[in-house]
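Novice: return a 3D structure for these sequence lines:
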Amino acid sequence: MANIKSAKKRVLIERERNVENNSVKSEIKTYEKKFKAQLATDVAQAEEAYKTLVARLDSAARANVIHQNCADRKKAHYAKLLSDAKASK
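Specialist: Here you go, the predicted model:
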């Protein structure tokens, strides 16, 4: 543990940020699962789930929870899954 007051404060702040970042990442994973589930059943609902997922990814990237390239990569991956599902049905 740190001895200097400012270092102790930084440790506390990082713990708080870590909790918040983990909750955002967990939320993204939840929306990814919802999208995949919708994709398996109904493509129209999957489009709505995709829009929500993209909004959450963009928000997390803006807040530096995830890297912008990671968000772009995930969006491209799920867009491809959506377009493949549309083409097959």
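
Novice: three-state assignment of the residue positioned nearest the centre of the chain?
Specialist: For the chain, the residue whose C-alpha lies nearest the mean C-alpha position (Cα atoms, centre = their mean) is Ile28; its distance is 3.2 Å. Following DSSP: H, G, I helix; E, B strand; the rest coil, we place Ile28 in the helix state.

Novice: next one: Ile66
Specialist: Of the three states, Ile66 takes coil under three-state DSSP.

Novice: quick one: contacts for the closest residue to it other than its chain neighbours?
Specialist: Residue nearest to Ile66 in three dimensions, not counting chain neighbours: Ala60, with 4.9 Å by Cβ to Cβ, 6 or more residues apart in numbering. Just so you know, the C-beta spots here come from the backbone N, C-alpha and C atoms, and that holds for glycine as well. Under the criterion of Cβ atoms under 8 Å, 6 or more residues apart in numbering, the contact partners of Ala60 comprise 24-25, 28, 66, 71.

Novice: next one: Val65
Specialist: When contacts are counted by Cβ under 8 Å, 6+ apart, Val65 touches 21, 24-25.

Novice: so which helix or strand takes in Glu14?
Specialist: helix 5-41 (DSSP states H and E).

Novice: tell me how far stretch 41-53 is from the chain's mean position?
Specialist: Mean-position distance between stretch 41-53 and its chain equals 15 Å (Cα atoms, centre = their mean, to the nearest Å).
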